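> Coordinates for the following, if possible.
(one chain, ligands or ions: 1)
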Amino acid sequence: MLHDKDFEYYEKLAHWSFDEYDCYSESLTDWDLYEILKSVVTPDSHVLDLGTGGGEKLLANFPDCAEIVGTDYSPNMVATALENLAKSGRKNITFKVMDNLHMDVPDNHFDVVVARHTCIDAEQIFRCLKPGGYLLIRGVDKYDCWDLKKTVGYGQGFDDPVPISIVDYENVLAAGFRDVELVPLHEREFFKDAETFKAFLGVVPILDHMPEDDSLDKYIAKNTYSGRVRLLRNCYGITARK
Ligand SMILES: C[S@@+](CC[C@H](N)C(=O)[O-])C[C@H]1O[C@@H](n2cnc3c(N)ncnc32)[C@H](O)[C@@H]1O
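Below you'll find the model as predicted:
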């Protein structure tokens with residue numbers, strides 16, 4: 001299997017939980033992936049979670065149903081997910097290694113496919129959904145943390161000619177989905193202090209390296225409120241049906 005440049009990063013990290021960084025967030029948009037998921041899942045549902053990471057979000061937020069499959073191309077992420085599953089005591093959940101771009105799942109099998117903060121191939125997702133099945137996407141793209149990225153001059157998706165939200169939206173439409181909706185999601189995150197904020201930036205892929213000049217300190221000075229550092233997040237949600 002050929003891997004993209006992010007693969008080694010995810011393999012090394014082997015989890016997707018940042019609870020240790022003291023931060024709270026405020027959503028400015030009334031759109032919640034897990035609320036939507038809960039509204040469409042029934043006890044008989046078969047659900048696929050693409051790019052599941054260490055399964056942390058799946059185990060905490062996916063409702064019980066007939067089958068939940070979490071997949072990730074990083075074997076170390078899947079190993080963490082299996083450990084988290086054993087600790088959770090939850091049933092009807094499996095995790096397996098799978099590349100989202102080379103999906104290995106049956107056709108017309110799932111009632112819901114979730115892709116949170118990961119890449120997708122809309123045509124392959126379309127194939128594995130039952131007629132009437134739902135696709136739920138939450139993503140991060142070019143304009144996420146835009147003020148920070150502009151201040152330091154680079155960052156995740158910074159040079160993308162077209163934001164990935166628009167690429168995903170077009171691809172979902174082109175794959176044949178109906179009722180396709182793209183929603184911009186706005187959030188404010190507040191970190192305990194500059195040290196916590198810098199430590200967080202050191203582990204997440206928002207900036208692929210820390211700036212060598214004083215631009216990050218300038219951003220922090222401009223975005224500190226009552227001692228807390230603010231980060232403006234711009235994500236997107238997509239819902240669609242087969
Ligand atoms: C940002 S994390 C999100 C994890 C989880 N979905 C969540 O929302 O907490 C992205 C995950 O997608 C996985 N990933 C990235 N590209 C992938 C691909 N082509 N196929 C499968 N998994 C992929 C990474 O290994 C990583 O675990």
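> Would you mind checking the average pLDDT for stretch 110-119?
For stretch 110-119, mean pLDDT rounds to 98.
> Please enumerate the helices of the protein.
7-13, 33-40, 56-61, 75-88, 122-128, 146-152, 164-174, 194-203, 215-222 (DSSP state H).
> Give me the helices and strands touching the last one, please.
In terms of contacts (3 or more CB pairs under 8 Å, 6 or more residues apart in numbering; DSSP states H and E), helix 215-222 is packed against helix 146-152, helix 194-203. The way it works is simple: take the backbone N, C-alpha and C, and place the C-beta from them, glycine included.
> Next, the contact list for residue 225, please.
residue 190 (CB atoms under 8 Å, 6 or more residues apart in numbering).
> List the beta-bridge partners for it.
Applying DSSP bridges to residue 225 gives these bridge partners: residue 228.
> which of the helices of the chain is buried the deepest?
Compared across the helices of the chain, helix 122-128 shows the largest average neighbour count, a mean of 20 (mean count of other CB atoms under 10 Å).
> count of neighbours near residue 162?
Other residues within reach of residue 162, judged by other CB atoms under 10 Å, total 10.
> let me fix that: residue 6
Neighbour count of residue 6, defined by other CB under 10 Å: 15.
> before we move on, what about residue 46?
Residues contacting residue 46 under the criterion other CB under 10 Å number 22.
> just residue 205 next, same as before
When counting by other CB under 10 Å, one arrives at 15 neighbours for residue 205.
> How about the residue positioned nearest the centre of the chain: what's its closest non-neighbour residue?
In the chain, the residue lying closest to the centroid (CA atoms, centre = their mean) is residue 117, at 1.7 Å. Distances taken as CB to CB, 6 or more residues apart in numbering place residue 140 nearest to residue 117, at 5.7 Å, with adjacent residues excluded.
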